[in-house]
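K.L.:
Need the 3D shape of this:
(2 chains)
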Amino acid sequence: GAVVSQHPSWVICKSGTSVKIECRSLDFQATTMFWYRQFPKQSLMLMATSNEGSKATYEQGVEKDKFLINHASLTLSTLTVTSAHPEDSSFYICSADTGVNTEAFFGQGTRLTVV
Amino acid sequence: AQKVTQAQTEISVVEKEDVTLDCVYETRDTTYYLFWYKQPPSGELVFLIRRNSFDEQNEISGRYSWNFQKSTSSFNFTITASQVVDSAVYFCALPSGTYKYIFGTGTRLKVLA
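P.N.:
Next up, the predicted model:
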């Protein structure tokens, strides 16, 4: 199946700094990617839809100025958590649209800890 | 609105027992897909099954089986002869649009040796 690679797998950053998470489709082009967030022992919640060459679409309650999404190419979407705070500590996972009507393919996730 | 309900928050079974994880969904779409994913402690999502709403046949894959009942809007997942390696969180999901997933709250399965 299609492969989606997410980097880094885990990151620890200081409060107030920014951290960038990359989501790459390795063997296909993805015009649309999705970013989810999962707090400990909770479900995955969609944060935003990332569209290649255009602005991301954010779900209600997600701060677009805090979670910057850039989908500059058909194989790469990035999520930047700006001015991170401990409450942003979470598991972030991306998925990609293969353009074929099968299941979405998920990255392996990034565990962010803000100290 | 799309909604997925997994009423069982956590289930513990002893190895070799059978266990069924429940999933109830709501959708206004006449055609839709349903999914089950496994999330082991490492965090990645492991795809288990995709089911088209037109296909109500039960599916079996090894120790896994799925019972799709459109009349009750349920898509339940059974693990036969559970093993410790089955311990994980299991999510039922319903796409809103093609790839925008609505996940249930998940069921944490603990299989005890």
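K.L.:
okay, CA-based contacts and neighbour counts for the rest of this
P.N.:
Noted.
K.L.:
In contact with residue A:30, which residues are there?
P.N.:
Counting by Cα atoms under 8 Å, 6 or more residues apart in numbering or on different chains, residue A:30 makes contact with A:52, A:74-75, A:96-99.
K.L.:
now those residues as TSV including distance to chain B, pLDDT and secondary structure?
P.N.:
What follows is these, written out as TSV (distance: Cα to the nearest Cα, whole Å; pLDDT from 0 to 100; DSSP: H, G, I helix; E, B strand; the rest coil):
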residue	distance to chain B	pLDDT	secondary structure
A:52	15	87	coil
A:74	16	90	coil
A:75	17	92	coil
A:96	8	89	strand
A:97	6	77	coil
A:98	9	72	coil
A:99	10	64	coil
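K.L.:
In PyMOL, how would I select the buried members of those residues?
P.N.:
Only the buried entries of the contacts of residue A:30 go into this PyMOL selection, using 16 or more other Cα atoms under 10 Å in any protein chain shown:
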select buried, chain A and resi 52+74+75+96+97+98
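K.L.:
how far is stretch A:10-22 from where the chain is centred?
P.N.:
13 Å (Cα atoms, centre = their mean, to the nearest Å).
K.L.:
make that stretch A:51-71, sorry
P.N.:
10 Å.
K.L.:
Was I right to think residue A:115 contacts residue A:11?
P.N.:
No: with contact defined as Cα atoms under 8 Å, residue A:115 does not count as touching residue A:11 (10.7 Å).
K.L.:
nearest to residue A:7, of the contacts of residue A:30?
P.N.:
residue A:75 (13.4 Å; Cα to Cα).
K.L.:
residue contacts, the nearest residue in space to the closest one that is not next to it in sequence?
P.N.:
Leaving aside its sequence neighbours, residue A:75 sits nearest to residue A:25 (Cα to Cα, 6 or more residues apart in numbering or on different chains; 4.9 Å). Residue A:25 makes contacts with A:2-5, A:75-76, A:96, as judged by Cα under 8 Å, 6+ apart.
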